[in-house]
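Q: this one's sequence-less:
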Ligand code: FAD
Ligand code: DHB
């Protein structure tokens, strides 16, 4: 097979890039290790920046998002039994976020790829990248007993944190920066009315909790749990009881519970790999960087990589101008690190760290008090949460 751009990974990053390039006449193939059903069963992000929403519209995939997604102008931080509201609209100069699930967004991208007869191959095994520093890179994969070769001009590594692309960059070239947090998030999806029309991030001495939503009939809740815990340790009733304990009384009293339709634990990690380009390989999204989910930056950072990469590839194909490709790694990483800083800050502000001294706990209290006493501090939170400019 011969294509201009071979994209590894059929998550949101890979599908969005493939769709954008296709609309401009660039030929791509997406190689995805799992089945479509599996990819669509993963419940992940729920909050989109407007920059991302614009990219979905540009990809002609924004119709359902615009119909079913909710615009949120603010969210709450619950602490010490009170709820303080962060007015995103006021503090960001009129901006907001879109609440629309990653699962739905991925479904929309798959449907668009199908409509346009895009090449998205599932269940491909043993993907390997070859000759990346030459003018003629290629990718191989196994389909049953057959090894298939894909010749291309560029390879995009959009295959997530555990993918093969980043590992194809030589160890003496790749620098990795990492922080592993001593806890995870236990998430539950339930077909119940959300406890609040806006998200509630809750800081509590028993640990962090988040009340989020996918729609007015579908709720997503999270609680901070020790890394050793497994889903089996948390039957539904135990989850709801613990969530109630971490919310202000009136909110806990309003919580409508129901059977979980999905339950999973995600460890929290900060990670960046540099550079994001090696020869003709370009990394994008979770393949190059991971954030703890607290600031809802993960998927949005992936989208900003795709924005830069899409424009750089189009400058190459339309004008023969490679300046954008040459600048990609530096430009993407500059924004990635700002998302890292914000996610680390919000995680540190709101979680209970088991090893913290009483001094550090006092600093955490003070940080929160300062935040809600300073319009400048709230403006900094708001401008990061709605997304820094591309
Ligand atoms: P992915 O979505 O990981 O997609 C990569 C794709 O590549 C996958 O489909 C995978 O199957 C495929 N792949 C992997 N290896 C290979 C291979 N060798 N060959 C071919 N294909 C391969 N972000 C938020 O903003 N808020 C959240 O609440 C949130 N929750 C999360 C919960 C979990 C458990 C995880 C893991 C992430 C979460 N994130 C969240 C982050 C967000 O979901 C990611 O940033 C986003 O999925 C990144 O998209 P991506 O396309 O870059 O990577
Ligand atoms: C969700 C996840 C987040 O990490 C976040 O900050 C906000 C919302 C969610 O899954 O709904």
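A: Yep, that arrived. Small disclaimer: the values here were computed from a predicted structure and weren't measured. Ligands and ions are numbered 1, 2, ... in the order given.
Q: name the element residue 262 belongs to?
A: Using DSSP states H and E, residue 262 falls within strand 260-274.
Q: next structured bit after that strand?
A: Defined by DSSP H and E, the subsequent element after strand 260-274 is strand 277-278.
Q: What strands line up against that following strand, and which way round?
A: When sheet partners are counted by DSSP bridges, strand 277-278 sits next to strand 281-283 (antiparallel).
Q: near ligand 2, which residues of the stretch 151-300 of the chain show up?
A: Taking Cβ under 6 Å from any ligand atom as the measure of proximity, the stretch 151-300 of the chain contacts ligand 2 at 199, 212, 220, 293-296. To be clear about C-beta, it is placed using only N, CA and C from the backbone, and glycine gets the same treatment.
Q: For the nearest residue in space to residue 169 that is not next to it in sequence, list each beta-bridge partner.
A: Counting by Cβ to Cβ, 6 or more residues apart in numbering, residue 278 is the residue found nearest to residue 169 once chain neighbours are left out, at 4.5 Å. Per DSSP bridges, the residues bridged to residue 278 are residue 281.
Q: Tell me who's in contact with residue 278.
A: Shown here is residue 278, whose contacts under the criterion Cβ atoms under 8 Å, 6 or more residues apart in numbering are 132-133, 168-170, 173-174.
Q: May I have the predicted confidence score for the most centrally placed residue in the chain?
A: Note on the chain: the residue nearest the mean C-alpha position is residue 299, at 2.2 Å, using Cα atoms, centre = their mean. At residue 299, the model reports a pLDDT of 96.
Q: can you pull out the strands in the stretch 51-200 of the chain?
A: Taking DSSP state E, counting those that start in this stretch, the strands of the stretch 51-200 of the chain run over residues 70-72, 74-79, 82-87, 97-99, 119-121, 125-130, 138-143, 146-151, 154-157, 175-190, 200-203.
Q: Give me the three-state assignment for the residue nearest to the centre of the chain.
A: Look at residue 299: counting by DSSP: H, G, I helix; E, B strand; the rest coil, its state is helix.
Q: residues contacting the closest residue to it other than its chain neighbours?
A: Closest residue to residue 299 in three dimensions, ignoring its sequence neighbours and counting by Cβ to Cβ, 6+ apart: residue 45, at 3.9 Å. Going by Cβ under 8 Å, 6+ apart, residue 45 touches 101-102, 293, 296, 298-300.
Q: could I get those residues as a markdown table with distance to residue 93?
A: Formatted as a markdown table, the contacts of residue 45 follow (distance: Cβ to Cβ, whole Å):
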| residue | distance to residue 93 |
| --- | --- |
| 101 | 27 |
| 102 | 27 |
| 293 | 26 |
| 296 | 19 |
| 298 | 25 |
| 299 | 23 |
| 300 | 18 |
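Q: Out of these, who's the most crowded?
A: When neighbours are counted by other Cβ atoms under 10 Å, residue 296 leads these with 26 neighbours.
Q: per-residue pLDDT, the closest residue to that residue other than its chain neighbours?
A: Nearest non-adjacent residue to residue 296, counting by Cβ to Cβ, 6+ apart: residue 47, 3.8 Å away. pLDDT recorded at residue 47 is 96.
Q: Could you pull up the residues touching residue 47?
A: Neighbouring residues of residue 47 by Cβ under 8 Å, 6+ apart: 72, 97-99, 199, 212, 296, 300.
Q: Bridged to it, which residues?
A: Checking residue 47 by DSSP bridges, which sets the bridge assignment, gives partners residue 99.
Q: and if you look at residue 225?
A: When bridges are assigned using DSSP bridges, the partners listed for residue 225 are residue 184.
Q: Run through the residues that contact it.
A: With the criterion set at Cβ under 8 Å, 6+ apart, residue 225 makes contact with 183-186, 207, 234, 265.
Q: Likewise for residue 355?
A: residue 182.
Q: mind checking the SS state of it?
A: Under three-state DSSP, the three-state class of residue 355 is coil.
Q: Roughly how far does it sit from residue 265?
A: Counting by Cβ to Cβ, to the nearest Å, the gap from residue 355 to residue 265 is 20 Å.
Q: Also residue 123?
A: Between residue 123 and residue 265 the distance is 26 Å, computed by Cβ to Cβ.
Q: Those two: who's more crowded?
A: Set side by side, residue 123 and residue 265 show unequal neighbour counts under other Cβ under 10 Å, the larger going to residue 265 at 18 against 14.
Q: Show me what that one bridges to in the sheet.
A: With DSSP bridges as the criterion, residue 265 is bridged to residue 186.
Q: For it, give me the pLDDT.
A: In the prediction, the pLDDT value recorded for residue 265 is 97.
Q: and the residue in the stretch 251-390 of the chain positioned nearest to ligand 1, backbone torsions?
A: Of the residues in the stretch 251-390 of the chain, the one nearest ligand 1 is residue 285, at a distance of 2.2 Å by Cβ to the nearest ligand atom. The main-chain torsion angles of residue 285 are listed as degrees, to the nearest 10 and equal phi 70, psi -150.
Q: List the contacts of it.
A: Contacts of residue 285 by Cβ under 8 Å, 6+ apart are 9, 11-14, 158, 160, 301-302, 305-306.
Q: Can you report how many residues neighbour residue 262?
A: 13.
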